[in-house]
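Trainee: Take this sequence and fold it.
(2 chains)
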Amino acid sequence: MSQAAIGFQLLLRRLGHYGHVHAGEVAPGYSSLVRSASELEPAREDLVLYHHGIASELASALLHLDCRRGVVFHNITPPRFYAGTSLEEPLTAGRAQLAAMAGRVDVSIGVSHFNASELRVAGHGNVHTVPLFIEPYRFDVDAADEAWARELKRPGTPLVVSVSRVVPHKRVEDLLRLHAELERRSPGARLLVVGPYAAGSRYFRSLPKQKHVTFAGAVSHAGLVAAYRSADAFVSMSEHEGFGVPLVEAMACDVPVLAFAAAAVPETLDGRGIAFDEKSFGVLAELILTLKTDHTLKGRVLEGQQQRVAELSPESTQAALAEALELPKTAASRRHHRAGKPKIAIVVQRYGERIVGGAEAHARQLAQHLSARCGVTVLTTCASDHLTWADVLPEGEEHDGDVTVHRFRCGGERRMRAFNRLSDERFSQAQSRVDEEHWLAEQGPRAPGLLAHLADTKGRYDAYVFFTYLYAPTVLGLPLVASRSLLVPTAHDEPPLKFDLYADAFELPRALLCNTPEEAALVAQRFPKAARARIVGVGVDPLPDSGWRPVAEPYALYVGRIEAGKGLKEIVKHHGRDLPRLVLAGEGDLKLKGVEALGRISEQQKYDALRHAALAVVPSRYESLSLLALEAFACGTPVVGNAASAVVAGHLKRSGAGVAFSSPEGYASAVREVSARREKLSQKALAYAKRFRWPKVVEAYLEEIEKIRHTT
Amino acid sequence: MKLMGRDITGDKLLEEIRSRLQARGLEGPTGGPIRFDGLEPRVDPIAFNVEALSEHADPTRPLPLETHRAGLGRAVLLAKWLFRAGGQIFINEALARQKRFNGHVRDSYAQLSAEVKTLRERLEALEKPPAPVTKRKTK
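Mentor: Below you'll find the predicted structure:
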């Protein structure tokens, strides 16, 4: 049910509605993603959708909420399967609660027609079917845990996989009987049961012990994909399914599905795969072996299954949900074309004069340049530190010149050590939607007020410009106003870009306003369905020289955050004494020896320091624009940059105003070469910098904003 | 047994498999015909709650001992059993007032729900459209 709740939240977001997931019990570490049910305080016009299964105190709590109410019914296992056990009563109680909700909810949703029928039997009116869905690309071959897949793959010996909890109504004993038959025909045949089990339970202990049978327990998403994709057949012996998500997952993994036709199973398969109405184990064992050898038969079955997976798409579930809740089928955008100055909102995770960060500086410069031609409101957070997102700036409205700034609280600080551990774990393998969303919630900033503001003010702004694909306000906020949105992705090749949850941020906006051709190519490669990309970049207007220089002797300058991810450690190590002195300007948590650290410097000091530098250094491999390189070029200063960054390498190649290094040794020789040729390279730098002027950039943004104004 | 699927010829496939099995003397066991109960019936919430409150009104009555853990779980189960066996007299003493309270809750719920049922029936009768008045024949 937690998967379904997160799935419904996703679809509602795509429909332009913002909401939270609350639960009676929240697993440790997940409080950033799911709130406790005790925190639920809906407004009268809000809709609370309660996901119902076995008896829960939330069912009774729902009836007393002073708001619109709905129930999503996932079905309840018939109590007869658990007669005489402690589960019998909560199962019956769940059905009593279902009946008690009838007439007291505004809408009742079954995740299958079978469940919808049971809702009607329980007395519910306004019943709709909204099937569950999977995201098929999450089950691609490359999502599988490679090591486990290698271990499971043993050509010649058939492998049957079943995915379910090991509980009585799933009839694991029947899987074991089938396995015994299969082993008679094909010695060494294996059965893999994936799903949680209680080793001490009476049921588990009652199961006969057999050779070549593995109970894998709960596995990671990558493990699950490996299990499905290694199987010769997926078998379900379950005698009660309200939908049967594993059937669809198995179909998405191109494994033939054999399922006992109980409850909602025939509806979920809809004639695809192979359903059976009687458990004749010899026949089923023979059928599995036939499917393994008869490629024509298997091909036909798999082709049909793919069609079924396509039918159970997120899009069709979204349409069904919209119909059930009487919502428009796409994110609403009230038509309100106005003449005169456009009103735009710039959404960025942090904002302010003293905020250090490339994307944030970019957003502020854009806001200021656009404010001469548009009404600009910046929607941002109270954070000044992107590591903790601590709310240190005052909430509410303030002004930055002609720009209105509306700050919202982040509502939770990030603990970097725990977050880094989580990131290492999540980046190592493909993840489920829930785990990716959990990572994003931890990534933050959550800023619930900002998201609610976006959902509530769809008609207030002509266009929304989102900055940086990476953070929660973009991923969760952009779908709410997709038809009026533009994204400045500032994307570069970094681990989070592997997460599929970023697809909405890249695919839903009206256009992507990229900084460089390299960035646009990267996005197109990662998200082939991404929105139209336009290379816009930024303008760079250096301040006139005031004569200040940070040190008297020749120096190489870096300006930016002093952090490990910027590649500073590596260059400091190889910056020999014979090279110009290395000067670092900016704030950060990295302590480096043997350099001149200036700390934070003003805009005037930055341009002065760049102008007088022998060269600027761009050591980071993760750049989507490299504002530092452009600013250096605009000051006539050549650049030594990391060739691992396609963007930096691209600037250097196009401009000819510097040298890219691809090894630590190469760094030192690049610095020597550029220092020696500074004068000549300086001319090339100034010529290249002419391409980056604000009037051109502003015109490009206005063109895109006008396109939105004329079509929404 | 039936094999069902749009992408197979179920009867033909089943016949082929069965004849292969017969030829090799490998028919194997069957789970027998399966009982399909269809949709689950409605569980009346009031009746269920009255029954559940009655069933659990006495907190001194133990619930069945169960564990989901192997190994140590069995030892914990034994410890629980020993606690109950030796401490029932103290359990009764500690929960005496709770038992009385639960009894009052059960009775109150039963009386109030009976009242609700009666009121519902009366409401239904009042909301029922009046029977059409038959015109008396005039001579």
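
Trainee: And for A:Cys382, the neighbour number?
Mentor: 21 (other C-beta atoms under 10 Å in any protein chain shown). Heads up, the C-betas are built off the backbone N, CA and C, glycines and all.

Trainee: how about the residue of the stretch 101-250 of chain A found nearest chain B, secondary structure?
Mentor: For the stretch 101-250 of chain A, the residue closest to chain B is A:Ala198, as judged by C-beta to the nearest C-beta, at 3.3 Å. Three-state assignment for A:Ala198 (DSSP: H, G, I helix; E, B strand; the rest coil): coil.

Trainee: ok, now A:Leu513?
Mentor: From three-state DSSP, the assignment for A:Leu513 is strand.

Trainee: picking up where we left off before, looks like the residue of the stretch 101-250 of chain A closest to chain B contacts B:His68 (just checking).
Mentor: Yes. A:Ala198 is within contact range of B:His68, at 3.3 Å (criterion: C-beta atoms under 8 Å).

Trainee: Of those two, which one has the most company?
Mentor: Taking other C-beta under 10 Å, A:Ala198 and B:His68 do not tie; A:Ala198 has more neighbours (18 against 14).

Trainee: Now do the contacts for that one.
Mentor: A:Val166, A:Phe204, B:His68, B:Arg69 (C-beta atoms under 8 Å, 6 or more residues apart in numbering or on different chains).

Trainee: at 10 Å what do you get?
Mentor: Counting by C-beta atoms under 10 Å, 6 or more residues apart in numbering or on different chains, A:Ala198 touches A:Arg165, A:Val166, A:Val167, A:Phe204, A:Arg205, B:Glu66, B:Thr67, B:His68, B:Arg69, B:Ala70, B:Gly73.

Trainee: Show me the residues you listed that map onto helices.
Mentor: A:Phe204, A:Arg205, B:Gly73 (DSSP state H).

Trainee: Can you name the residues bridging to A:Val618?
Mentor: A:Gly641 (DSSP bridges).

Trainee: In this structure it contacts A:Thr637, no?
Mentor: No. Between A:Val618 and A:Thr637 there is no contact under C-beta atoms under 10 Å: 11.5 Å.

Trainee: any shared contact partners between the two?
Mentor: Common neighbours of A:Val618 and A:Thr637 (C-beta under 10 Å, 6+ apart) are A:Ala629, A:Gly658.

Trainee: in the stretch 251-400 of chain A, which spans are helices?
Mentor: For the stretch 251-400 of chain A, the helices defined by DSSP state H, counting those that start in this stretch occupy A:265-269, A:281-293, A:295-311, A:314-324, A:358-370.

Trainee: Tell me, please, the helix or strand in the chain that averages the lowest pLDDT.
Mentor: Looking at chain A here, since you left the chain open. Lowest on mean pLDDT, DSSP states H and E among the helices and strands of chain A sits helix A:568-574, with a mean of 90.

Trainee: was after chain B, sorry
Mentor: Every helix and strand in chain B was compared by mean pLDDT, DSSP H and E; the lowest is strand B:30-33, with a mean of 64.

Trainee: Name the SS class of residue 77, please.
Mentor: Since you didn't name a chain, this refers to chain A. coil.

Trainee: wrong chain, I was asking about chain B
Mentor: Quick answer, by three-state DSSP: B:Leu77 is helix.

Trainee: show me the contacts for it.
Mentor: A:Gly200, B:Leu65, B:Glu66, B:Thr67, B:Arg69.

Trainee: Which residues are in contact with the second one?
Mentor: Contacts for B:Leu65 were tallied using C-beta under 10 Å, 6+ apart; they are A:Ser86, B:Val76, B:Leu77, B:Leu78, B:Lys80, B:Trp81, B:Arg84.

Trainee: so what's the backbone phi/psi at the fifth one?
Mentor: Read it as B:Lys80. Dihedral pair for B:Lys80: phi -60, psi -40, per degrees, to the nearest 10.
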